[in-house]
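Novice: Okay, structure incoming, though there's no sequence with it:
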């Protein structure tokens, strides 16, 4: 995807556009060839109007005044995008912003559109609207590359599906002849080690108890409730839960009244489309975001006011969802990365309160981790950035496990990790679970969630809307709950047998 | 592993060397453009460095540059740009001079007292910017620049005759300090001059800087914050506390940077007290890569340019403008910033490739089909 858009150069292979072999040195080359990309994270300036955002960087095409406005109107009408050129971007909802992004690309004359996980941030109605737009584009003769990990969507919108796994094409499929199951098998691969956990090790000793945890959108709570009304979709496409929680004058709750308990030896999986509160939940648990209301208890103690360091010292392990941003110092050597997050603990420091660093011991221990967790590196003095993602992840897992945590927050623990390392990481989590570790597992890999978890919850729009028994649930059923289509107990035949039936779960919400 | 160590040394040295060569070449271009001999000034300046009295001047100047650059470097190590070292340094020197003139304790108490006054004044002044950043989110760059201007006014006010000022000729001074607060230097004879006693303070601070940053938890937190704020926060570093602490330390060191001159030679703060030390410190910290050894070299180099260049004005048969040294200092800043970034990226890529290659070779040996780092 990055190569196609000119952001990265291929080592081998060729790209042909309209039959001509091309090589892109920058996104500008790709744009000149009629390739446009809509990023997962929108690249719009909030304080500018739609018109200004669209012409930004391509002022030469149609000017910045009337000509550009006419062109925008024309594109908008031709493809039914419904974009108003003079609206301020900050007043637009997510779906509208996305249409602006699409328009931006079309404005630059793109004939091939790349959409990177475009539905991750949309609610179902918005997804349908987007698909209508895409069909419109298709009928006008444009090509669309739609990248998604949601099988149902791919099947419903695509004419041809190519499955990529770990950097290679594993197959192509025609949607009309393919079932989600077959597609899933292609995606996951048959040789994949299953993350199944053999026997239950759940005890009745609660390790982490979260009660009524609520977190408001950034800045909302501190600026006062009136200060930050959530932008409600301008064209009224926003529907369902979004509109409900975005009542004018009220700050959006990114975590809304979340309650759960994880016991020693229990893995609780959280399923959900990204951006539904998972990040905030992790931040609240590790102490990067303070709870606006509700309590977090760790081994019976109220840790809500504790700072991050104290939580980590007391045995909260953390495998972050974005290892580059939260888990590593990319330009520091591996052994310094081994210290990160545990600087006050042995073997990294010595003296009273861990005042002095102990580089020798830390290096020694890094060698042990490299050995034990099979981190493939020529030495411990290379920078973290020079390792592959999988090896970085193994280092992080090794580091967190080395301090025998009592509660582990594992966010996408095997994302971007090769098959062998994936199995090893699962093994480590399972082993620690046997010894009484409580794990909060957040993952986009539904098979991983189902296989590894003892209990499953579904997060949607900041709330835990459903729970399920991993022994009986299917990825499809879980997937439908993730889009908010189902709630309450999934597969409720098994409901009574769950270990944490005592936890008050407000299913009727 | 040895290889990677050597590699790191190579990378560390490559940046400054490329920068200096580029700066010298560009200066030569300037000389050619103005119709002068493009090489002779360097020879003249190098010749100056051979004289022992110039050497003493260079060492003395370098000690002050060194402290100022350390102050800047502390900030740099956690991505704080304390551009207000200059104001902190001037205010601290003035306050120290005032205290030195009005308090008379025995020497073994007076000198530590004066050092503390200097450090605390600098820390206080930088701490204002730190507090503003932590509580109100004010950029430390803006705050410290403004505090520089305010420091100038405060100094102007406090050195008025009816406050602490003493008029000597047409110079405003703070009055002669009590002799118990003077720090004796190393006398190298009447021809050569005297090396400030507080040169050793600079050396000591350099050692302390290295120990604190590389061998203490605090230093690790500080470096981690500088390398990745998000990762540091997730690892449990309290960013606000670190910002404040780093600003206080930076200001404290800045406050010390004027004292070698004040306690060793001038013994009073006056209008002729050097300014701009803090800004030169930024250049030096950049050139020295925030590394105590590197900063020492850079401080000596810049001090050399400063002290050897005046001779250019009197060179025979052709005189050169001594501002050539200033041009060169400016060019060094440019070249440093560009070459460091280039070398850094090149080094990262190179290492990634090598790690990949080594792993591939290893995997080949083991007949293992495991992944290879890209």
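Specialist: Noted; the coordinates are in hand. It should be emphasised that the depicted structure is a prediction, and the values quoted were computed from it without experimental measurement.

Novice: Now stretch A:440-459: average pLDDT?
Specialist: Averaged over stretch A:440-459, pLDDT sits at 84.

Novice: which SS state does residue B:356 fall under?
Specialist: helix (DSSP: H, G, I helix; E, B strand; the rest coil).

Novice: Run a quick neighbour tally on it.
Specialist: Using other CB atoms under 10 Å in any protein chain shown, residue B:356 has 17 other residues around it. C-beta coordinates here come from the backbone N, C-alpha and C atoms, glycine included.

Novice: residues in contact with whichever residue of chain A sits closest to chain B?
Specialist: Closest residue of chain A to chain B, CB to the nearest CB: residue A:309 (3.0 Å). Each residue near residue A:309 by CB atoms under 8 Å, 6 or more residues apart in numbering or on different chains is listed here: A:344, B:235-238.

Novice: run the last query once more with 10 Å
Specialist: Applying CB atoms under 10 Å, 6 or more residues apart in numbering or on different chains, one finds that residue A:309 lies in contact with A:287, A:341-344, B:221, B:235-238.

Novice: now do residue A:139
Specialist: Residue A:139 makes contact with residue A:79 under the criterion CB under 10 Å, 6+ apart.

Novice: that older thread, give me the secondary structure label for the residue of chain A closest to chain B.
Specialist: Secondary structure, three-state DSSP: residue A:309 is helix.

Novice: nearest residue to residue B:277 other than its sequence neighbours?
Specialist: residue B:68 (5.0 Å; CB to CB, 6 or more residues apart in numbering or on different chains).

Novice: The residue of the stretch 51-200 of chain B found nearest chain A and residue B:239, how far apart?
Specialist: Relative to chain A, the nearest point of the stretch 51-200 of chain B is residue B:137 (11.6 Å; CB to the nearest CB). For residue B:137, the distance to residue B:239 equals 12 Å [CB to CB, to the nearest Å].

Novice: how about the helices in the stretch 51-200 of chain B?
Specialist: Ranges of helices in the stretch 51-200 of chain B, per DSSP state H, counting those that start in this stretch, are B:52-76, B:85-102, B:107-136, B:140-158, B:199-215.

Novice: Including mean neighbour count and mean pLDDT, could those go into JSON lines?
Specialist: Listed next are those as JSON lines, based on neighbours: other CB atoms under 10 Å in any protein chain shown; pLDDT from 0 to 100:
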{"stretch": "helix B:52-76", "mean neighbour count": "25", "mean pLDDT": "93"}
{"stretch": "helix B:85-102", "mean neighbour count": "27", "mean pLDDT": "93"}
{"stretch": "helix B:107-136", "mean neighbour count": "20", "mean pLDDT": "93"}
{"stretch": "helix B:140-158", "mean neighbour count": "18", "mean pLDDT": "93"}
{"stretch": "helix B:199-215", "mean neighbour count": "17", "mean pLDDT": "93"}
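
Novice: Surely residue A:289 is within a strand?
Specialist: No. Going by three-state DSSP, the assignment for residue A:289 is coil, not a strand.

Novice: Tell me where the stretch 51-200 of chain A has strands.
Specialist: Secondary structure of the stretch 51-200 of chain A (DSSP state E, counting those that start in this stretch): strands located at A:112-116, A:143-147, A:161-165, A:168-173.

Novice: If we go by neighbour counts, what in the third one is buried?
Specialist: Of the residues in strand A:161-165, those buried under the neighbour-count criterion (16 or more other CB atoms under 10 Å in any protein chain shown) are A:161, A:163.

Novice: One more: the longest one?
Specialist: Buried residues in strand A:168-173, counted by 16+ other CB under 10 Å: residue A:173.

Novice: strand partners of it, parallel vs antiparallel please.
Specialist: Counting by DSSP bridges, the strands paired with strand A:168-173 are strand A:161-165 (antiparallel).

Novice: so how far is the strand it pairs with off the chain centroid?
Specialist: In terms of CA atoms, centre = their mean, to the nearest Å, the centre of strand A:161-165 is set 20 Å apart from its chain centre.

Novice: hang on, the earlier thing: I'd like to know which of the contacts of residue A:309 are buried.
Specialist: A:287, A:341-344, B:221, B:235-238.

Novice: Looking at the residues you listed, which one is closest to residue A:404?
Specialist: When the buried ones among the contacts of residue A:309 are ranked by distance to residue A:404 (CB to CB), residue A:342 comes first, at 11.3 Å.

Novice: Check whether that closest one sits in a helix, strand or coil.
Specialist: coil.

Novice: Pretty sure it sits against residue A:313.
Specialist: Yes. Between residue A:342 and residue A:313 there is a contact under CB atoms under 10 Å: 8.2 Å.

Novice: Need the overlap of contacts for those two.
Specialist: A:354, A:403, B:236.

Novice: tell me the contacts of residue 51?
Specialist: If you meant another chain, say so; for now it's chain A. With contact taken as CB under 10 Å, 6+ apart, residue A:51 is in contact with A:64-65, A:68-69, A:71-73, A:83-87, A:100.

Novice: I was thinking of chain B, sorry if that wasn't clear
Specialist: By CB under 10 Å, 6+ apart, the residues touching residue B:51 are B:57, B:191-192, B:307-308, B:311.

Novice: Can I get the buried part of the residues you listed as one PyMOL selection?
Specialist: Under the burial definition 16+ other CB under 10 Å, those of the contacts of residue B:51 that qualify are selected in PyMOL by:
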select buried, chain B and resi 57+307+308+311
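
Novice: looking at it, residue A:136 is touching residue A:79, isn't it?
Specialist: Yes. Look at residue A:136 against residue A:79 with CB under 10 Å: they come within range, at 4.7 Å.

Novice: Neighbour count for those two, which is higher?
Specialist: For residue A:136 versus residue A:79, the count of surrounding residues by other CB under 10 Å is larger for residue A:79: 22 against 14.

Novice: So what does the more buried one look like in phi/psi?
Specialist: In terms of degrees, to the nearest 10, the main-chain angles of residue A:79 are phi -100, psi 10.

Novice: Hmm, residue A:130 and it touching each other?
Specialist: No. Between residue A:79 and residue A:130 there is no contact under CB under 10 Å: 11.6 Å.

Novice: shared neighbours of the two, anything?
Specialist: In contact with both residue A:79 and residue A:130: A:99, A:102, using CB under 10 Å, 6+ apart.

Novice: I'd guessed residue A:410 sits against residue A:327; true?
Specialist: No. At 11.6 Å, residue A:410 and residue A:327 do not qualify as touching, with contact defined as CB under 10 Å.

Novice: Would you confirm that residue B:192 contacts residue B:52?
Specialist: Yes. Contact between residue B:192 and residue B:52 holds when scored by CB under 10 Å: they sit 4.8 Å apart.

Novice: residue ranges with poor pLDDT in the stretch 251-374 of chain B?
Specialist: Within the stretch 251-374 of chain B, the segments meeting pLDDT under 70 span B:362-374.

Novice: just the strands in it please.
Specialist: Remark: no strands are assigned in the stretch 251-374 of chain B by DSSP E, counting those that start in this stretch.
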